[in-house]
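Participant: test case, fold it:
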Amino acid sequence: MIIKVTGPFNGETLDESGNTTRLGIFIQTNEFPKYHYVVILDIIESYTAPGNRFYVAKLITHNSGYDNLEITTELYDKTSTTINLTNSYITRDMFLIPEAEVQTKKVYGKFQLDKLQDASEC
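Facilitator: This is a model prediction of the structure:
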């Protein structure tokens with residue numbers, strides 16, 4: 001399952017001693033059971049369910065709609081990428097994917113995350 005989210009939003013919580021813990025809060029907006037190639041941005045642990053980890057990711061798609069960003073050769077490492085990204089796009093939206101559902105042994109390349117972030121903000 002892939003969970004579409006907005007965020008992260010800055011938040012905080014107080015423990016029993018009154019100490020503040022800063023949180024990155026994601027708000028679920030949709031979910032769907034599709035498989036995609038993804039670009040992993042981060043891995044986070046659930047504050048409300050300790051031990052549950054999620055990958056923060058963007059999806060690779062062939063859909064040019066939804067304000068998706070066209071993937072250009074400047075965004076990824078051409079020497080390590082083994083899938084064809086011609087006519088491909090990447091979502092500007094972020095998604096949470098449960099850790100158990102990501103096949104990290106199947107890595108097909110590397111994106112330049114700083115360049116991807118800059119391009120996504122345009």
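Participant: which stretches of this protein have low pLDDT?
Facilitator: The chain contains residues with pLDDT under 70 at 1, 32-34.
Participant: kindly recompute the last result at 50.
Facilitator: Residues of the chain that meet the criterion pLDDT under 50 are absent altogether.
Participant: all strands for the protein, in order.
Facilitator: For the chain, applying DSSP state E gives strands covering 2-14, 20-32, 37-45, 53-61, 69-70, 89-90, 94-98.
Participant: and these, which is most packed in?
Facilitator: Here the criterion is mean neighbour count by mean count of other C-beta atoms under 10 Å, and of the strands of the chain the winner is strand 89-90, at a mean of 22. Any C-beta I mention is one placed from the backbone N, CA and C, and that applies to glycine too.
Participant: please tell me how far the residue located most distally from the centre of the chain sits from Arg92.
Facilitator: Summary for the chain: using C-alpha atoms, centre = their mean, the residue whose C-alpha lies farthest from the chain's mean C-alpha position is Ser17, with a distance of 33.7 Å. Plainly put, Ser17 is 40 Å away from Arg92 if you go by C-beta to C-beta, to the nearest Å.
Participant: and Gly24, what does it touch?
Facilitator: Gly24 is in contact with Gly7, Pro8, Phe9, Asn10, Gly11, Ile44, counting by C-beta atoms under 8 Å, 6 or more residues apart in numbering.
Participant: could you redo the last one with a cut-off of 6 Å?
Facilitator: Applying C-beta atoms under 6 Å, 6 or more residues apart in numbering, one finds that Gly24 lies in contact with Pro8.
Participant: okay then, goodbye and thanks.
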